[in-house]
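Q: show me how the following folds:
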Amino acid sequence: MHFEFEHLNTATPFELPEGIHLLGGGAEDHVRLEGLPDRLLTLRIEADRLMVEATRAFTVAGVMVPPGVPRLVLPGEVVGLPERMSLKVLAPAGDTERQVGTMAVLKHLLTDLEEPPPSRAAALTCLMGADVGRTFALAEASTDIGRGKEASVRLRDIAVSRRHARIRHQEGAFLLEDLDSPNGLYLNGQRVETASTLKEGDVIELGRTLLRFQAPMAEPPPPQEEEPPAEQETAPASDDSPTVASSEETPEGSRPRGEWWLIGLGATLALVGMLATYALVA
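A: Okay, here's the model as predicted:
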């Protein structure tokens, strides 16, 4: 990997192979630069990917990086060192800065980082740039991304336009579109010319910032209501319901006492009438 060390307006190019290298002012440092603390920087080079970690705070593209925190450095970015020194990562010959920054780095980012926890709302996670580690929820029907105060997702990247891109939530899909930004908008390394549908894990590139899209968690299907059992056409009569029996169904033994008294009185009158008639005839 090619570097350029600059101090007092004097640039010195050098090259490092793949592996781990120490940079500082000590005798044991692989790259010794007078005036720097011992073992100041640890450079981990894997193919076209460079991770930088320092024992003191340093800057990358003007953004402060705390000590002990690994920082991915892209070709073209400048690492600020003490004593007004700087270290610039040069792009390989024949490759543009954006192509190297995207295609050579995205594969490592997507495989090395842990999967984010599921969320009910869609979100953007900053993988690279001044806002690395931040997560932005996409809760609105339309979300503008940019550097301006009016942007819903506001980035601190000077290479990002005030209104750079927009994500629209339409009919269950999330559409990404460029708002005529000078530096362009890229989705998975391809420039966005028309509105493009976002999918889980897609990487959005604008300026020097990379954002990973996280789709919302699918809603569980609503529970199915159980159908009530079919009602019977005729309900059985209750034991407490009064029943009326017809005279034909009433047995003689169950006739009321008043009825027997009338029958006996009629028979007695008939007998008296017969006796009176017999006496008159005789």
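Q: quick one, what contacts the nearest residue to G25 once chain neighbours are set aside?
A: Nearest residue to G25 in three dimensions, chain neighbours excluded: L36, at 4.1 Å (C-beta to C-beta, 6 or more residues apart in numbering). Bear in mind the C-beta positions are built from the backbone N, C-alpha and C, glycine included. L36 makes contacts with L23, G24, G25, L81, P82, E83, M85, as judged by C-beta atoms under 8 Å, 6 or more residues apart in numbering.
Q: quick one, which of these are buried?
A: Among the contacts of L36, those classed as buried by 16 or more other C-beta atoms under 10 Å are L23, G24, G25, L81, M85.
Q: hmm, L40 and the fourth one touching each other?
A: Yes - the pair L81 / L40 is scored as a contact, 7.2 Å apart, by C-beta atoms under 8 Å.
Q: quick check: which element contains the residue nearest to G25?
A: Taking DSSP states H and E as the definition, L36 sits outside all helices and strands.
Q: swap in G266?
A: Here G266 is assigned to helix 257-281, by DSSP H and E.
Q: same question for that helix, mean pLDDT?
A: Mean pLDDT, computed over helix 257-281, is 68.
Q: give me the nearest residue to K88, chain neighbours excluded.
A: Excluding the flanking residues, the one nearest K88 by C-beta to C-beta, 6+ apart is E4, at 4.4 Å.
Q: I'd like to know which elements whichever strand or helix holds R166 is packed against.
A: Following DSSP H and E, the helix or strand that holds R166 is strand 165-170. Contact here means 3 or more C-beta pairs under 8 Å, 6 or more residues apart in numbering; DSSP states H and E; on that basis strand 165-170 packs against strand 142-146, strand 173-178.
Q: counting contacts, what elements does the host helix or strand of L211 pack onto?
A: Applying DSSP H and E as the criterion places L211 in strand 209-214. Applying 3+ C-beta pairs under 8 Å, 6+ apart, one finds that strand 209-214 makes contact with helix 97-112, strand 123-128, strand 203-206.
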